[in-house]
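Peer 1: I need the structure of the sequence given here:
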Amino acid sequence: MNFFLKVLSVFLLLYTNLAQASHDETAGAKQKLPDVSQTYTPGIGEIMVGIQIRHAKLWYAGLARNWRLAKYELDEILEGFEDAKKYQPDFKGKPIAEMIALITSDPISKLEQAIEAKDKAAFKKSFDGVSNACNACHTTYGYDFISIQRPTTLPLTNQRFN
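Peer 2: Got it, this is the predicted structure:
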């Protein structure tokens with residue numbers, strides 16, 4: 001029995017030391033991870049793809065007269081524009097804030113009014129106005145090969161828009 005207690009003690013001691021070493025290693029690894037929030041900067045393409053998805057979701061929300069979702073998606077688009085200004089203020093020598101102003105001034109205002117009024121016809125017209133403003137911006141700054149339009153299929157099949 002004495003031998004058994006000695007062996008058990010050795011195993012318990014080894015287990016405790018291994019567990020502590022594993023914990024220390026894990027804790028050390030967590031401390032050594034870089035803070036990517038301070039080092040990662042999204043590119044304009046990444047930001048614009050997010051806006052493009054929101055643009056499509058906005059369309060389907062408006063078609064379904066889901067005005068709360070439409071307002072939410074429009075707000076998310078505006079947040080995307082703010083991110084573009086924050087993270088890419090001078091994109092390839094072009095001032096992003098000025099580029100975005102072409103879109104966010106009158107066309108966005110009309111779209112906001114259509115959503116607020118819950119007016120589907122005005123929504124469609126102003127949605128096209130925003131899309132046209134996006135295309136005008138792309139053309140003005142040499143990206144005319146990026147052409148925005150009304151979506152023709154649902155961007156996501158796992159979300160109901162009505």
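Peer 1: tell me where the model's unsure across this protein.
Peer 2: 1-31, 33-37 (pLDDT under 70).
Peer 1: the residue nearest to the spatial centre of it: helix or strand, and which one exactly?
Peer 2: The C-alpha lying nearest the average C-alpha coordinate of the chain belongs to G50 (CA atoms, centre = their mean; 4.8 Å). Assessed by DSSP states H and E, G50 sits inside helix 44-63.
Peer 1: go on, A84?
Peer 2: Applying DSSP H and E, one finds A84 within helix 67-87.
Peer 1: with just CA atoms, put that helix into PDB.
Peer 2: The C-alpha coordinates for helix 67-87 follow below in PDB (Å, rounded to 0.1, in the frame of the first residue of the first chain):
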ATOM      1  CA  TRP A  67     -39.200  49.700 -43.800                       C
ATOM      2  CA  ARG A  68     -37.500  49.000 -40.600                       C
ATOM      3  CA  LEU A  69     -35.100  46.600 -42.300                       C
ATOM      4  CA  ALA A  70     -34.700  49.100 -45.200                       C
ATOM      5  CA  LYS A  71     -33.800  51.900 -42.700                       C
ATOM      6  CA  TYR A  72     -31.400  49.500 -40.900                       C
ATOM      7  CA  GLU A  73     -29.600  48.500 -44.200                       C
ATOM      8  CA  LEU A  74     -29.300  52.100 -45.300                       C
ATOM      9  CA  ASP A  75     -27.800  53.000 -41.900                       C
ATOM     10  CA  GLU A  76     -25.300  50.200 -42.400                       C
ATOM     11  CA  ILE A  77     -24.400  51.500 -45.800                       C
ATOM     12  CA  LEU A  78     -23.800  54.900 -44.300                       C
ATOM     13  CA  GLU A  79     -21.600  53.300 -41.600                       C
ATOM     14  CA  GLY A  80     -19.600  51.600 -44.500                       C
ATOM     15  CA  PHE A  81     -19.100  55.000 -46.100                       C
ATOM     16  CA  GLU A  82     -17.800  56.300 -42.700                       C
ATOM     17  CA  ASP A  83     -15.400  53.400 -42.500                       C
ATOM     18  CA  ALA A  84     -14.100  54.200 -46.000                       C
ATOM     19  CA  LYS A  85     -13.500  57.700 -44.900                       C
ATOM     20  CA  LYS A  86     -11.800  56.600 -41.700                       C
ATOM     21  CA  TYR A  87      -9.600  53.800 -43.000                       C
END
